[in-house]
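Colleague: Could you work out the structure for the sequence below:
(chains A, B, C and D)
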4 protein chains.
Amino acid sequence: MIIVMKPNAKKESIDNILRLIKEKGLDVHISAGKEVTIIGVIGDKSKLSCCNLEIAEDVDHILPVTESYKLANKKFHPEPTIVKVGNTTIGGDELCVMSGPCAVESAHQVLETAIAIKKSGATILRGGAYKPRTSPYSFQGLEEEGLKYMKEAREATGLAVVCEVTSLAAIEAAVKYVDMLQIGARNMQNFYLLKEAGKTGLPVLLKRGLAATIEDWLNASEYIISEGNPNVVLCERGIRTFETATRNTLDISAVPVIKHKSHLPIIVDPSHATGVRRYIAPLAKCAIAAGADGLMIETHPDPATALSDGPQSLTFDQFDELCNELRPYAKLAGKRF
Amino acid sequence: MIIVMKPNAKKESIDNILRLIKEKGLDVHISAGKEVTIIGVIGDKSKLSCCNLEIAEDVDHILPVTESYKLANKKFHPEPTIVKVGNTTIGGDELCVMSGPCAVESAHQVLETAIAIKKSGATILRGGAYKPRTSPYSFQGLEEEGLKYMKEAREATGLAVVCEVTSLAAIEAAVKYVDMLQIGARNMQNFYLLKEAGKTGLPVLLKRGLAATIEDWLNASEYIISEGNPNVVLCERGIRTFETATRNTLDISAVPVIKHKSHLPIIVDPSHATGVRRYIAPLAKCAIAAGADGLMIETHPDPATALSDGPQSLTFDQFDELCNELRPYAKLAGKRF
Amino acid sequence: MIIVMKPNAKKESIDNILRLIKEKGLDVHISAGKEVTIIGVIGDKSKLSCCNLEIAEDVDHILPVTESYKLANKKFHPEPTIVKVGNTTIGGDELCVMSGPCAVESAHQVLETAIAIKKSGATILRGGAYKPRTSPYSFQGLEEEGLKYMKEAREATGLAVVCEVTSLAAIEAAVKYVDMLQIGARNMQNFYLLKEAGKTGLPVLLKRGLAATIEDWLNASEYIISEGNPNVVLCERGIRTFETATRNTLDISAVPVIKHKSHLPIIVDPSHATGVRRYIAPLAKCAIAAGADGLMIETHPDPATALSDGPQSLTFDQFDELCNELRPYAKLAGKRF
Amino acid sequence: MIIVMKPNAKKESIDNILRLIKEKGLDVHISAGKEVTIIGVIGDKSKLSCCNLEIAEDVDHILPVTESYKLANKKFHPEPTIVKVGNTTIGGDELCVMSGPCAVESAHQVLETAIAIKKSGATILRGGAYKPRTSPYSFQGLEEEGLKYMKEAREATGLAVVCEVTSLAAIEAAVKYVDMLQIGARNMQNFYLLKEAGKTGLPVLLKRGLAATIEDWLNASEYIISEGNPNVVLCERGIRTFETATRNTLDISAVPVIKHKSHLPIIVDPSHATGVRRYIAPLAKCAIAAGADGLMIETHPDPATALSDGPQSLTFDQFDELCNELRPYAKLAGKRF
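Modeller: Numbers count the residues shown, from 1 in each chain, chains lettered A, B, ... in the order given. Model (predicted):
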């Protein structure tokens, strides 16, 4: 942490800062430049958390030097994390493709989907039983009944199963049925939910919030990991910008940035990022080329009658064709698929 | 709802759309232009929710005509809503000033604050007992103990009390102690929490999410109101943009936009919007000039030692001076303060 | 400038950095923390401009300590700049109201407008003769003929006149007719144009770009001032965000931020910021309450037939009523109007 | 164009709108729904440009139905445009790689670069002679002298040459030396410059503005094409968002969106999009996977001493390695490279 003083800061103001820092048992380095004096703080900065140095006399501003996340930080854990979900892994040399409907609608729909996507190469079945919808007048999900259908499909096909959870009650239900919990974009900073998900020990798929910086996102993962659960997979699904040609703006750079800053695996969800079916295939290829560990792609037996997000869902034939197109990209990226 | 067909859409494609709409018992108007044919749908569009017309053959795009929120919409409820909280009201001819610390730290701190802000003219005491913090290593709040201190301060001063809730457990605790529940920006689309807050019947202060459009925000309020609880107060607290000179960007236009589109009261929180103490006074004046029904402003007995958000907190003297400066602005805006 | 090294940076890497800096005649301070070593550079950093230290071995990142703009920086020029335009001033104790049509359409329109706005209290007539329009199929302006009409209106009323310039040719024409040049939002980083405007010595109204940070904006002003022309007035007119309820998002915080960081005057244009007539009055009051030195507000004799931006233009009666409403706000802010 | 009336709009208000539209010789369709009446306008909407219907009595809002750009619109020109530059083409079955330094520094630097990048497979040499820099204290370019060095490198190697132009004077100089003009992001809405570039007949590389929507961008291209010059190549180089881990946010979705909406070729510039060398290779692969027609990548003989943007420049060895990595991606995408 570096404290930049105002030009012509008074000696007493500087001495006051030094005193405050030393009182906490920390060390300092002073550097008096031509324009300004800067003070570097050495030691465990968390001890300073109740010293609001920014408003001390003659302080101009404060610069952080190190990242606020530790457990998710590659600097301190250089080895990549590989998360095991059912019989598949994410973060290693497999390309993990998750697929299924936005919303679980019926046992038949889910089973039919599971069989189809497995044939095409997916290893994890997704499906929403608790749906966070912008309007209360949209379909809100089948809740626990939906989870049961997911489990049945898992038993029938051997696919692993991931479902979004939106409350403690949903977590308590989900742990009985699923292999992986999903925290959606709108709950990425629902820290209470993150901690509860962390406590289950189940792998957690953490989607990026629409307004979350990569640093916010890694800090959110830190809430899960600090509960003793290192099995976090990040999912880039678009951020909110001024562009309206796509529903959100896929921040594809997040893939190499995460690979540089963190040891956690990262997958990409082109379905939610664009909201438009015709853009899913090119962006799925992009994701692999950028180094992603997997993909989440929505499919539906009959997108035209889907209760949620039909326009961005692929039919089984379209999904199968896409998987075939993705194979050579996976190979180039050194991933099995 | 208007369906815009592609140029040269086939007659069968248009007939197919007409059939789908009529099957749902809705009426249509066709308008064949030089470039494109458009189809207007007449009647209750919610019947079409499972028809994903966007992906039907030859459809170019779909334009919504009416807003998705109904209960919060001024078109259908032209009279302004006035929310009663303790002995004060929000949305009528009073300017409601809420103040207090970001985080509750001790019984003494809260009581001292309550006495000071009451003297300056505030009528609602704020204070966080459940703190959503970006990093798990920051202070997380005193939880129920904090709520108790808030209630004691209420009993001692007669001020009403508002606290943020971040989970069902927090709501269940808070209803025993507070006059108003706050849903924070990070939980604005935690729809589960919105519904639970709605069920309590207590007034709800709904902060705008960092990436929420005004339409998203009004849809979020709809979750509360549709539980039979019309006592919603909106709070603009800045949105996330590319500008970094302030912590967030205060969207002051949201005040007149909400006044135009909704009957709900709206207040402004310049403390969180800017994150910088020196910008609070000019933006508080702005809020009143823009037509806001109230303000939320952070105060602390000793900002330099605050456990949370010290740099944006005012001392009691600064707060008192600000209230004196705000009075003539309130008068100009036709509000008592 | 501070250079933050990677954890476990090699001694040779650090020595290499030190050598590079010392070769340029600059001094350093090293601070070896527990996690990382940081190196502070002391002296004239412009000497380092061709040393791309960011890509030197073992460098993690570089933190700037001081702002890149100097001439516009309040730290080095604490006295506020007062810009004289015709018989009026901007930045002193007057509230300067500029008004007129988006586009100059005829001599009659401009003269009629000048007479009306002068009666209401405006002191500068605005009017676009060179129009930067998003689509080439929209009206592009009367060019030099429009400038002549502006000058005629100036002579008839004594108002000062400001016109946007979009090219060197436009500047060369405008200097013959106007009192102040306007650089529009879309040209804020047209550095060639900024320099040419600077050379004229005329006061320059510099609108903020839609994607410009406040630092970018002050750097743009630096291009004008460094040509020996200190007469720059900044104009906040909204930035581009995800919100679509208003055309742009008025960043009202920019007013106190600029007042804190720079000595340049700042005015606000609520017409372009919102694009909607009904939001202009509340935001004009806001601007004054936030400390702005003036306003730019579009008026038109008959907005319903305006060739450009009719929906955001006020009629003369609406403008007169607005000016009357603004007077007590100006008085509260200590400004004559 | 569709006019949505307010609920309970008066009959006279509707009649007034109908009269206004019919006066312009246009036809209408009225659709009276349960909540609102909507009016569709049929015919050439440009005739309505001076009717500001938005502010007519009882109008709620207006919805555009068709895009504002025509010449760049795939709906009206379904065949892809192939632009010939020197001996190479963009938009056909070649992958066009442009490379070179951010700023031209010397004849030697440019020639050395041209020889190296040609060997690796690039076909167009880029190099900035007129540099738009955020701060006036940064290196501003060698201007015409720089253009000469570019032409010498062209003659020595046979590569085509592209240079940015920032003023009419720069265009007049550049036409003597280069094969393609570049309009930079900061000048994307410098409509005067777009028209002048259009008039030269030379191919134009049009970079996307930092705050430009895809629709704004296509409208900007329309300024060039409407001067009779169809040789426009678009270049996605990142937009401005709240994320700061990369300099800008590469909007990779723009590639398939442009391919869907326009017939113009599109290339991607990962160097400026990220500003960080280590992210260039993954994003270059992405661009090809997304369907881009080419790439622009910065190289420099010695990035550590580059006068501009060194941290994002590749060395010749890094560039050669990248080209080798890109070849199988180009092949998968059906492009020769």
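Colleague: in chain A, which spans are helices?
Modeller: Listed in chain order, the helices found in chain A under DSSP state H are A:11-23, A:107-120, A:144-157, A:168-174, A:191-200, A:214-225, A:254-261, A:270-274, A:280-290, A:316-332.
Colleague: Tally up the residues packed near the residue lying closest to residue A:66 once chain neighbours are set aside, please.
Modeller: Leaving aside its chain neighbours, residue A:66 sits nearest to residue C:35 (5.6 Å; criterion: C-beta to C-beta, 6 or more residues apart in numbering or on different chains). Heads up, the C-betas are built off the backbone N, CA and C, glycines and all. Other residues near residue C:35 number 16, with proximity taken as other C-beta atoms under 10 Å in any protein chain shown.
Colleague: Tell me the residues of chain A that contact chain C?
Modeller: Proximity of chain A to chain C (C-beta under 8 Å from any C-beta of the partner chain) is limited to residues A:2, A:4, A:6-7, A:29, A:31-36, A:38, A:40, A:42-44, A:63, A:65-66, A:75-76, A:240-242, A:244.
Colleague: would CSV of the helices of chain A with mean pLDDT, mean neighbour count and distance to chain B be doable?
Modeller: Supplementary listing: these in CSV, determined by pLDDT from 0 to 100; neighbours: other C-beta atoms under 10 Å in any protein chain shown; distance: least, C-beta to the nearest C-beta, whole Å:
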stretch, mean pLDDT, mean neighbour count, distance to chain B
helix A:11-23, 89, 15, 9
helix A:107-120, 97, 20, 13
helix A:144-157, 97, 19, 14
helix A:168-174, 96, 19, 7
helix A:191-200, 96, 22, 4
helix A:214-225, 96, 25, 5
helix A:254-261, 98, 22, 15
helix A:270-274, 95, 27, 13
helix A:280-290, 98, 26, 12
helix A:316-332, 98, 18, 11
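Colleague: what's the closest of those to residue B:163?
Modeller: helix A:191-200 (14.5 Å; C-beta to C-beta).
Colleague: Output stretch A:10-21 as PDB, restricted to C-alpha atoms.
Modeller: Only the C-alpha atoms of stretch A:10-21 are listed here, as PDB (Å, rounded to 0.1, in the frame of the first residue of the first chain):
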ATOM      1  CA  LYS A  10       3.000  19.700   6.100                       C
ATOM      2  CA  LYS A  11       5.700  17.800   8.000                       C
ATOM      3  CA  GLU A  12       3.200  17.200  10.900                       C
ATOM      4  CA  SER A  13       0.800  15.600   8.400                       C
ATOM      5  CA  ILE A  14       3.500  13.200   7.300                       C
ATOM      6  CA  ASP A  15       4.600  12.500  10.800                       C
ATOM      7  CA  ASN A  16       1.000  11.800  11.800                       C
ATOM      8  CA  ILE A  17       0.700   9.100   9.000                       C
ATOM      9  CA  LEU A  18       3.900   7.500  10.100                       C
ATOM     10  CA  ARG A  19       2.800   7.400  13.700                       C
ATOM     11  CA  LEU A  20      -0.600   5.800  12.700                       C
ATOM     12  CA  ILE A  21       1.200   3.100  10.700                       C
END
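Colleague: from the chain's centre, how far out does that stretch sit?
Modeller: On the basis of C-alpha atoms, centre = their mean, to the nearest Å, stretch A:10-21 is displaced by 42 Å from the centre of the chain it belongs to.
Colleague: residues in contact with it?
Modeller: A:3, A:5, A:27-28, A:30, A:37, A:39, A:41, A:48, A:51, A:53, A:56-59 (C-beta atoms under 8 Å, 6 or more residues apart in numbering or on different chains).
Colleague: Name only those of the residues you listed that count as buried.
Modeller: Applying 16 or more other C-beta atoms under 10 Å in any protein chain shown to these, the neighbour count classes A:3, A:5, A:30, A:37, A:39, A:41, A:48, A:51, A:53, A:56, A:58-59 as buried.
Colleague: returning to what we had before: which of the contacts of stretch A:10-21 scores worst on pLDDT?
Modeller: When the contacts of stretch A:10-21 are compared by pLDDT, residue A:51 scores lowest at 66.
Colleague: Excluding residues flanking it in the chain, which one is nearest the closest residue to chain B within the stretch 51-200 of chain A?
Modeller: Of the stretch 51-200 of chain A, the residue with the smallest distance to chain B, taken as C-beta to the nearest C-beta, is residue A:52 at 3.0 Å. Taking C-beta to C-beta, 6+ apart, and ignoring the residues beside it in sequence, residue A:52 has residue B:310 as its nearest neighbour in space, at 3.0 Å.
Colleague: Could you verify my assumption that that neighbour touches residue A:55?
Modeller: Yes. Counting by C-beta atoms under 8 Å, residue B:310 touches residue A:55, with 6.4 Å between them.
Colleague: Of the two, which one has the most company?
Modeller: Neighbour tally, residue B:310 and residue A:55, criterion other C-beta under 10 Å: the higher count belongs to residue B:310, 24 against 17.
Colleague: For the nearest residue to residue A:71 once chain neighbours are set aside, give its distance to residue A:64.
Modeller: For residue A:71, ignoring the flanking residues on the chain, the nearest one in space by C-beta to C-beta, 6+ apart is residue A:225 at 4.2 Å. As defined by C-beta to C-beta, to the nearest Å, residue A:225 lies at a distance of 20 Å from residue A:64.
Colleague: What about the residue of the stretch 1-150 of chain A found nearest chain D, how many residues nearby?
Modeller: In the stretch 1-150 of chain A, the residue found nearest to chain D is residue A:67; the distance is 10.9 Å by C-beta to the nearest C-beta. Other residues near residue A:67 number 17, with proximity taken as other C-beta under 10 Å.
Colleague: Chain neighbours aside, what residue packs nearest to it?
Modeller: Here the residue nearest residue A:67, using C-beta to C-beta, 6+ apart, is residue A:73, at 5.7 Å.
Colleague: ok, now residue A:148?
Modeller: residue A:177 (6.5 Å).
Colleague: what residues are up against that neighbour?
Modeller: With contacts defined as C-beta under 8 Å, 6+ apart, the neighbours of residue A:177 are A:147-148, A:150-151, A:161, A:163.
Colleague: I'd guessed residue A:106 sits against residue A:150; true?
Modeller: No. Taking C-beta under 8 Å as the contact criterion, residue A:106 and residue A:150 are not neighbours in contact, 11.7 Å apart.
Colleague: correct me, but residue A:104 touches residue A:150?
Modeller: Yes. Distance between residue A:104 and residue A:150: 6.5 Å, which falls inside the contact criterion (C-beta under 8 Å).
Colleague: Residues that sit against both of these two, list them.
Modeller: Counting by C-beta under 8 Å, 6+ apart, the residues touching both residue A:104 and residue A:150 are A:110, A:127, A:129.
Colleague: I'd say residue A:9 and residue A:38 touch.
Modeller: No. With contacts counted by C-beta under 8 Å, residue A:9 stays clear of residue A:38, the gap being 10.4 Å.
Colleague: So those two - more neighbours on which side?
Modeller: A direct count of neighbours by other C-beta under 10 Å for residue A:9 and residue A:38 places residue A:38 higher, at 23 against 17.
Colleague: Next up, the contacts around the more buried one.
Modeller: Taking C-beta under 8 Å, 6+ apart as the test, what residue A:38 contacts is A:2-5, A:30-31, C:2, C:40, C:65.
Colleague: And residue A:234, by the same measure?
Modeller: A:206, A:208, A:217, A:221, A:258, A:262, A:264-267.
Colleague: Tell me which of those residues fall in strands.
Modeller: Using DSSP state E, the members of the contacts of residue A:234 that fall in strands are A:206, A:266-267.
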